[in-house]
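1. 3D, please:
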Amino acid sequence: MARPERSYEPPKRNYAIMSREETEGRKPLWTGLEIRGPIKNLSPELWTFTHLTSLFLSDNSLLRIPPDIARLCNLTHLDLSGNKLRSLPAELGDMTHLRELLLNNNVLRVLPYELGRLFLLQTLGLTGNPLQPDILSMVNEVNGTAKLLSFLLDNLTVCPRPPDREWMQITTQRSRQDSTFTVMSYNVLCDKYCTRQQYGYCPSWALSWDYRKQTLLKEIMDSTADIIALQEVETEQFHSFFLPELSRQGYEGIFSPKSRARTMEEHERKYVDGCAIFFHKTKFSLVEQYLIEFNQLAVAHAEGSEAMLNRVMLRDNIGIGALLELKDASGAVQSMPQHLLVATAHIHWDPEYSDVKLIQTIMLMNELDSIVMKVQSERGIGCKTPVPGMPGVPIILCGDLNSLPDSSVLEFLMNGSIPVDHQDLQDHGYDGFLSRFSASVRPGIRAPSGKPELVHQFSLKKVYNGQMHSTNYTFDFKGVIDYIFYSSDFMAPLGLLGPVSLDWLKQYKIIGCPNPHFPSDHFPLLCEFEVLPQH
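-> Down below sits the predicted model:
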C-alpha cells in the first residue's frame with residue numbers, strides 16, 4: 001500500500017496562561033510547551049504530557065535528558081539547543097513522529113545510532129557540537145539530514161531473530177494422506193516499490209534486492225508448500241530468480257504481469273509486477289492456465305457506465321488461475337482424477353476506491369465461475385453437484401485483496417451475494433453493469449433474498465479467522481488484507497501457520513516491515529488442506 005507524501009511546517013510559538021481547569025488536571029487544550037531558564041533538571045511530571053506535539057527546552061542548563069522523554073510519543077518538534085548535553089538517550093530514536101530535532105550548541109561528541117530510526121525527521125540541528133568531522137560534514141551536505149539518518153540506521157545493531165511462527169492444528173483427522181496439500185500466499189513486495197522513500201524505517205542494505213531475494217527464497221522454501229501463490233512479482237525477477245530457483249526445487253510456475261506491460265517497450269516491461277502461481281510437480285500437474293485482466297473486463301462490461309471506464313478500467317490489476325490435477329502419493333495421476341482451480345489476484349490498493357475493489361472482485365468471481373463451467377462442459381472435469389449450474393470443481397482463491405475483514409469485498413466472497421444497492425456501489429453510475437451481473441437477470445440463478453443481488457456460486461470460507469493480527473505491517477497501516485479462501489464443499493483446512501509474535505514486535509519496537517528479518521511488508525499465509533471424499 002502506498003504511503004502519501006507528508007508535508008511539515010515548524011510550529012509557531014503561541015504563549016498562553018494555563019486555565020484553572022488545566023492546573024487542576026483536566027485535559028489541556030494546548031499542544032506546545034516552552035520551558036526556559038537556568039534549569040538543570042526536569043520534573044518527571046513533564047513526561048506525562050503525552051498530548052504535546054511541540055516541546056521547547058532550549059537555552060537551559062540541562063546536563064542530561066532521561067529515557068522517559070520517549071513517552072512523549074506525539075512530539076513532532078523538539079528543541080534541546082543551547083544546553084550542556086554530553087549524550088543522548090537511545091530512546092530518542094523511538095520518537096518516530098519527530099519532524100524537527102534541534103540539538104545545536106551542546107557538547108555532544110557522539111550520536112546514538114538509534115537516531116537513524118527517526119525516518120520522518122526533516123531537520124536535524126547539530127551545529128556547535130564537537131562531533132566527529134565526518135558527521136558534521138555529512139549533515140551539511142545537500143539532503144544531509146536524510147544521509148546522516150540513513151548512515152546511522154544502516155549501522156544500528158540488528159535485533160535478535162523473532163521466534164518461529166507456530167503451526168496451529170485445526171484438526172488431526174484425515175481421510176487419506178494422498179489427498180492433502182499445503183498452500184502459501186505471499187505478497188513479496190516488488191523491488192520497484194521497495195525504496196527508502198517508502199520504507200525509511202528499514203536499513204538500506206535490507207531493502208536491496210540482493211539481500212531480500214535470499215530471505216524471500218528461504219521463507220518460501222522453509223514452508224515446503226505444494227502450491228505457492230505470489231503477488232507483486234517483478235517480471236524480470238520472475239524469469240531470472242523465482243522461476244529458476246523454484247524449478248531447481250521441483251516446482252513449475254505460471255506468471256502474468258499487470259496489463260500495462262503490453263503497452264510498454266521491452267526495457268520497461270521487465271519492471272512491471274504481476275502474479276505467479278507455483279506448484280510442486282510431485283503433487284500436481286498443470287491442465288490449463290488463465291489470465292483475468294480487470295481493465296479489459298471493465299471495457300467489455302461497461303454497458304455505458306462512465307464509472308466503469310473512468311474508475312475501473314484505469315486500474316490494471318490482474319488475477320491468474322491454474323487448473324491443476326492432483327497426483328497420488330507415488331506422483332502418478334489418480335485413477336479417479338481430482339482437479340483443483342487455484343487463483344490468485346492483487347486487488348486495487350486505494351482505500352478511496354472501495355467500489356473499484358468490489359467491482360474487480362465481482363468480475364473475478366464471475367470469470368472463475370465461467371472457467372469452471374467451461375472445463376466441466378468441454379473437458380468433462382469435475383464432479384456432479386446436487387444443484388444444476390453449481391460448480392463441480394473446487395477452487396482456492398488467495399492473494400492480496402487490499403480489503404479489511406469488514407469490507408464489502410469480504411462480504412461478497414463470504415456470503416456469496418451482495419445487494420446491487422450496496423453503499424460502496426451507490427453514486428458511481430454502475431447501473432448498466434449491475435443490471436447485467438445481478439442475479440435477477442442471470443438465467444438459472446436466483447438471488448438468496450429474491451431482490452436484485454450480485455452473486456457467486458462458490459461456497460467459500462476463509463482459512464484464517466482472527467488468528468492473524470495483521471498480514472500487512474507498515475508504519476502507516478497494520479491490518480489483515482491477505483486471504484486464502486477455499487470451496488468448503490470440497491475441502492477442509494487441517495492447520496495453518498500462526499501470526500508473527502506480537503510480544504517480539506513490541507519488545508524490539510518493530511514499527512513496520514520490511515526489516516532485516518522480514519523481506520516484505522506482508523507476512524506470508526500458509527495452510528494445509530484435505531480434499532473431502534465426494535459421493
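2. Distance check, Glu245 against Leu525.
-> Using CB to CB, to the nearest Å, Glu245 is found at 21 Å from Leu525. All C-beta spots, glycine's among them, are computed from the backbone N, C-alpha and C.
3. Tell me the helices and strands packed up against the strand or helix carrying Phe255.
-> In this structure, Phe255 is located in strand 251-257 according to DSSP states H and E. Using 3 or more CB pairs under 8 Å, 6 or more residues apart in numbering; DSSP states H and E, the elements in contact with strand 251-257 are helix 243-248, strand 273-280, strand 284-293, strand 318-327.
4. Contacts for the second one next, please.
-> Among residues not part of strand 273-280, those counted as contacts by CB atoms under 8 Å, 6 or more residues apart in numbering are 190, 192-193, 225-235, 238, 242, 246, 250-258, 261, 286, 318-322, 324, 342, 344-346, 399.
5. what about 6 Å?
-> 190, 226-234, 238, 246, 250-251, 253-258, 320, 322, 324, 342, 344, 346 (CB atoms under 6 Å, 6 or more residues apart in numbering).
6. With stretch 58-69 instead?
-> Contact partners of stretch 58-69, identified using CB under 6 Å, 6+ apart, comprise Arg36, Pro38, Ile39, Lys40, Trp47, Asp79, Ser81, Gly82, Asn83, Lys84, Pro89, Glu91.
7. how near is the closest residue to the first one other than its chain neighbours to Lys84?
-> In other words, Arg36. The shortest distance from Arg36 to any non-neighbouring residue, by CB to CB, 6 or more residues apart in numbering, is to Asp59 (5.6 Å). Asp59 sits 11 Å away from Lys84, going by CB to CB.
8. Show me which of the two is the more surrounded one.
-> Counted by other CB atoms under 10 Å, Asp59 and Lys84 do not tie: Asp59 has more neighbours, with 16 against 13.
9. show me where the stretch 101-250 of the chain has strands.
-> 123-125, 167-169, 180-187, 227-234 (DSSP state E, counting those that start in this stretch).
10. deepest of those, which one?
-> strand 227-234 (a mean of 27; mean count of other CB atoms under 10 Å).
11. What helices and strands are in contact with the helix or strand harbouring Leu410?
-> Taking DSSP H and E as the criterion, Leu410 maps to helix 408-415. The contact analysis (3 or more CB pairs under 6 Å, 6 or more residues apart in numbering; DSSP states H and E) places helix 408-415 against helix 354-379.
12. Just the buried residues of the helix it packs on, please?
-> For helix 354-379, a neighbour-count test (16 or more other CB atoms under 10 Å) marks 354-369, 371-373, 375-376 as buried.
13. Check which helices and strands that helix sits against.
-> helix 294-300, helix 408-415.
14. Using a markdown table, lay out these together with mean pLDDT.
-> Below are those laid out as a markdown table (pLDDT from 0 to 100):
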| stretch | mean pLDDT |
| --- | --- |
| helix 294-300 | 94 |
| helix 408-415 | 97 |
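15. how about the ones you listed in TSV, adding distance to Phe119?
-> Shown next, in TSV, are the helices and strands packed on helix 354-379 (distance: least, CB to CB, whole Å):
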stretch	distance to Phe119
helix 294-300	34
helix 408-415	31
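16. Out of those, flag the one nearest Tyr483.
-> helix 408-415 (7.8 Å; CB to CB).
17. Partner strands of the following helix or strand past the closest one and their direction?
-> Sequence order places strand 417-419 as the next helix or strand after helix 408-415, per DSSP H and E. Note on strand 417-419: by DSSP bridges, its sheet partners are strand 453-455 (antiparallel).
18. Contact partners for Lys509?
-> Lys509 touches Asp94, counting by CB under 6 Å, 6+ apart.
19. Local confidence estimate at the nearest residue to Arg379 once chain neighbours are set aside?
-> Excluding the flanking residues, the one nearest Arg379 by CB to CB, 6+ apart is Val287, at 7.8 Å. Per-residue confidence (pLDDT) for Val287: 95.
20. any idea how far Val287 lies from Ile381?
-> With distances taken as CB to CB, Val287 is found 8 Å from Ile381.
21. So for those two, which sits in the more crowded spot?
-> With neighbours defined as other CB under 10 Å, Val287 and Ile381 compare such that Ile381 has more, 20 against 16.
22. one step back: helix, strand, or coil at the residue nearest to Arg36?
-> Following DSSP: H, G, I helix; E, B strand; the rest coil, we place Asp59 in the coil state.
23. cool, His348 as well?
-> coil.
24. correct me, but it touches Asn317?
-> Yes. Applying CB atoms under 6 Å, one finds His348 in contact with Asn317, separated by 5.4 Å.
25. Extract the C-alpha trace of the helix holding Leu410 and format it as CSV.
-> Taking Å, rounded to 0.1, in the frame of the first residue of the first chain, the C-alpha atoms of helix 408-415 are listed here in CSV:
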residue,chain,number,x,y,z
SER,A,408,-17.8,-5.3,1.0
VAL,A,409,-15.3,-7.4,-0.8
LEU,A,410,-15.2,-9.9,2.1
GLU,A,411,-19.0,-9.7,2.5
PHE,A,412,-19.4,-10.7,-1.1
LEU,A,413,-16.9,-13.5,-1.1
MET,A,414,-18.1,-15.0,2.2
ASN,A,415,-21.9,-14.6,1.8
